[in-house]
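Undergrad: sequence and predicted structure below; questions after.
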Amino acid sequence: MTEPKDNQTVLPTEPIRIDDPRVFFASERTLLAWIRTSIAMMGLGFLVARFGLFIREMMIMRGDHSATTPKYSLFIGVGMVVLGIIMAVAAAYSHYSFLKLLDIRQFTGSLRRWMSVMIAVALGLLGIAMTFYLVSVR
């Protein structure tokens, strides 16, 4: 086998500038994907935490009055909700840090820059409230 004569050949491409609007919108899409994932994680965690209560109610309806709530479903569910909170807050921080690098005044208003970050922070606060609810209502 023979080596190509010029293995350094690269097709010329136009570099994407950091002040290109596509960079900002790609960052927005990434943040929204992380928010969607954190919502799914918190929702699934809530479902797992409440599943133990459902199992207990089903056992009582069957006539087993000595039934106790499965202990691990609450811990696993709360853990998933906390993981969703961490994901939302970390995504908001990462997105905000990236926005500070961009000169986005020329193609977006100031409200749009803060809107997605505030949604992620609000989601984190909602997750904290959900965690306290899950722990307080057994």
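TA: Looks like it came in fine. Numbers count the residues shown, from 1 in each chain.
Undergrad: in this structure, which spans are helices?
TA: Using DSSP state H, the helices of the chain run over residues 21-62, 71-101, 110-136.
Undergrad: center of the chain - which residue?
TA: Central residue of the chain (Cα atoms, centre = their mean): residue 38, 2.8 Å from the mean position.
Undergrad: please list all residues in contact with the residue nearest to residue 119 when sequence neighbours are not counted.
TA: Residue nearest to residue 119 in three dimensions, not counting chain neighbours: residue 35, with 6.6 Å by Cβ to Cβ, 6 or more residues apart in numbering. (Glycine included, C-beta is placed from N, CA and C.) Each residue near residue 35 by Cβ atoms under 8 Å, 6 or more residues apart in numbering is listed here: 88, 91, 116, 119-120, 123.
Undergrad: reformat those residues as TSV; add pLDDT.
TA: Rendered in TSV, the data for the contacts of residue 35 read as follows (pLDDT from 0 to 100):
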residue	pLDDT
88	92
91	92
116	79
119	85
120	85
123	90
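Undergrad: buried ones among these?
TA: Buried subset of the contacts of residue 35 (neighbour count, 16 or more other Cβ atoms under 10 Å): 88, 91, 116, 120, 123.
Undergrad: quick check, nearest of these to residue 63?
TA: Of all the buried ones among the contacts of residue 35, residue 63 sits closest to residue 123, with 41.8 Å by Cβ to Cβ.
Undergrad: many thanks, I have nothing further to ask.
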